Structures are given as structure tokens and as C-alpha cells.
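Novice: sequence first, then the predicted structure, then my questions.
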Amino acid sequence: MKIEEIRNLGDTELAKKIDEAHQELFNLRFRLATRQQANHRELPKVRKRIARMNTVKQERELGIR
């Protein structure tokens, strides 16, 4: 998900996407620990996506954009 797509989301949609991404991160960590995850590069991708969404959320709270 690109930053432009994230900025086009509403506040409730953004919060929902953040929750979903955190759940996905939890599941990825669990699968990685049990050696069920084939692609270990998914973990940083999800973390980066969460960081992007949190950045947009913070920008909205501060009135930057």
C-alpha cells in the first residue's frame, strides 16, 4: 500500500487497516517462530506499512496535511 493510497483513506478506515496490519504482524511472527513462514521478508514489509499508516495518522492529528 502506497502513501497516497493511505492518505486517501478515512480516519475509521485507517484505524481499521492499522489493526489489521498489527494482526497480520502477529501472525507472521508466530509462523516465523514455528518455522511455517517461507518468506521471511514479509515481516519488514508489514512493519514498514504500519509505520507509514501511523505517520499519516500522526500528520492528521497534528494538522500537517
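Specialist: Yep, it's here.

Novice: longest helix in this structure, please.
Specialist: helix 11-33 (DSSP state H).

Novice: buried residues in the helix or strand following it?
Specialist: Going down the chain from helix 11-33, the next helix or strand is helix 42-62, by DSSP states H and E. For helix 42-62, the neighbour count (16 or more other C-beta atoms under 10 Å) marks 43, 46, 49-50, 52-53, 56-57 as buried. All C-beta atoms are positioned from the backbone trio N, CA, C, and that covers glycine.

Novice: nearest to Arg31 among these?
Specialist: Nearest to Arg31 out of those is Leu43 (C-beta to C-beta; 9.6 Å).

Novice: what's the spacing between the nearest residue to that closest one once chain neighbours are set aside and Gln36?
Specialist: Closest residue in space to Leu43, ignoring its immediate chain neighbours: Leu28 at 5.3 Å, by C-beta to C-beta, 6 or more residues apart in numbering. Here Leu28 is placed at a distance of 10 Å from Gln36 (C-beta to C-beta, to the nearest Å).

Novice: the two: who's more crowded?
Specialist: Of the pair Leu28 and Gln36, Leu28 is the one with more neighbours under other C-beta atoms under 10 Å, namely 19 against 9.
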